[in-house]
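> got a predicted model here, sequence first, then my questions.
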Amino acid sequence: MGSGESGDDVGMDASELGLLVAVMLAAAVEFVEAFTIVLAMGITRDWRSTLAGTAAALVVLALVTIVAGYALVQWFPESLLQLVIGTLLLIFGLQWLRKAVLRSAGLKALHDEEAIFRTEAAAAEGAGTDTVMGLDWFAFVVSFKGVLLEGLEVVFIVLTFGLTAGNVPLAAAGAAIAGAIVLSVGAVLHRPLSRVPENTIKHGVGILLTTFGTFWAVEGLGVFAPGGESLEWPGGELAIVVVLVAWFAASRALVLALRRRVAEPVQPAAA
Amino acid sequence: MRFLVAFGRFWYDFVVGDDWRIAAGVVGVLAVGAVVLAIGRGGSWLPAAIAVALIVVFAVPVLRAGRSG
């Protein structure tokens, strides 16, 4: 499957580097979003309950990663795993890319961590004060749900990238490094990380997810060929670069076409 | 039953998102690729052809979303 299985080579090849960068970037934007929610709850409600909710969500995410990762490896043969995971990654990545294209074209509101922080903080200040097991229940539940939902996207990306490239530890390490960076910077600044170029990163991540999804889904189609071996791209893994450039060019062309359409004056209706 | 519906809806929103036509297009393109391979007509041209078709099934709904939005 992926080249991550080569044991002798301690260096990192192109697909492993792509894997690491993609997972780090994707995880970073999700952690920034989760951090905004946690910070709003911690500042306006109670840090102990907020951190308890965050810790509970992290435990659930770790369990989901272990169980789903084990089950997928056990149940699916290699090429079918590439097809199923590649297709899911491709559809998931195109969802990110669609939003990024619409945002770049001015057809969808940009993600604004400051605005989200203000909304979350206002909701937290106006909420009731139920206490369960000594915890502020509102802070616990909101931080739990926020971290769980944003974290599920990270788990999905870690599993899909890691399993298909044959290197879950590298993918998990990428996510962990991104989490540590976001947490460290957030703890120092103690405010929403609104200066992170989230929308640009999301566009890049959408292209990376889509590129690897395309590459692996097509390879996995080999399960339908006589012999059931993975399909070979012309040029092998170098094709990843060509696919990446093609998706980048297509997304930029779409942004330009949509911007032109937005800028066009509305034609008066015929009498 | 309500839990199953909510569970299914969550994963649908999570993976497919706002525009089901893109997901349907992807599945359609890969299904055609699978058929071509299964009948023994695949060749080195097939991966590139599938990639181009995937770009088309993404671009059309996005341009339509831009027109309606």
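Alright, I've got the coordinates.
> spatially nearest residue to A:A124 (excluding sequence neighbours)?
Distances taken as C-beta to C-beta, 6 or more residues apart in numbering or on different chains place A:T44 nearest to A:A124, at 4.1 Å, with adjacent residues excluded. The C-beta positions use only the backbone N, C-alpha and C, and glycine is treated the same way.
> okay, helices next: where are they in chain B?
Assignment of helices within chain B using DSSP state H yields the ranges B:2-15, B:20-38, B:46-68.
> among these, show the one with the smallest mean pLDDT.
Confidence, taken as mean pLDDT, is least for helix B:2-15 of these (a mean of 80).
> and that one with helix B:20-38, angle?
Going by axes from the mean of the first three to the mean of the last three C-alpha atoms, to 10 degrees, helix B:2-15 is angled at 80 degrees with respect to helix B:20-38.
> tell me the contacts of residue 48?
I'll assume chain A. Shown in contact with A:R48 (C-beta atoms under 8 Å, 6 or more residues apart in numbering or on different chains): A:135-136.
> meant chain B actually
Taking C-beta under 8 Å, 6+ apart as the test, what B:A48 contacts is A:P234.
> and B:V27, by the same measure?
B:V27 neighbours (C-beta under 8 Å, 6+ apart): A:T87.
> A:F248 is nearest to which of the helices of chain B?
Nearest to A:F248 among those is helix B:46-68 (11.0 Å), distances taken as C-beta to C-beta.
> list the buried residues for that closest one?
Across helix B:46-68, burial judged by 16 or more other C-beta atoms under 10 Å in any protein chain shown covers B:46-51, B:53-55, B:57-59, B:61-62, B:65-66.
> returning to what we had before: adding distance to A:K108, write the helices of chain B out as TSV.
Compiled in TSV, those are given as follows (distance: least, C-beta to C-beta, whole Å):
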stretch	distance to A:K108
helix B:2-15	16
helix B:20-38	15
helix B:46-68	9
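> which among these is found nearest to A:V241?
Evaluated over these, closeness to A:V241 peaks at helix B:46-68, with 12.6 Å, by C-beta to C-beta.
> that closest one: how far from the chain's middle?
9 Å (C-alpha atoms, centre = their mean, to the nearest Å).
> please apply the same query to stretch A:190-199.
Distance of stretch A:190-199 from its chain centroid, counting by C-alpha atoms, centre = their mean, is 16 Å.
> how about the CA coordinates for that stretch, as CSV?
Provided in CSV are the C-alpha atoms of stretch A:190-199 (Å, rounded to 0.1, in the frame of the first residue of the first chain):
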residue,chain,number,x,y,z
HIS,A,190,-5.2,33.4,26.1
ARG,A,191,-7.5,34.6,23.4
PRO,A,192,-9.1,33.2,20.2
LEU,A,193,-6.5,32.3,17.5
SER,A,194,-8.1,34.6,15.0
ARG,A,195,-4.9,35.5,13.2
VAL,A,196,-4.4,31.9,12.0
PRO,A,197,-5.2,32.1,8.3
GLU,A,198,-7.9,29.5,8.7
ASN,A,199,-9.7,30.0,5.4
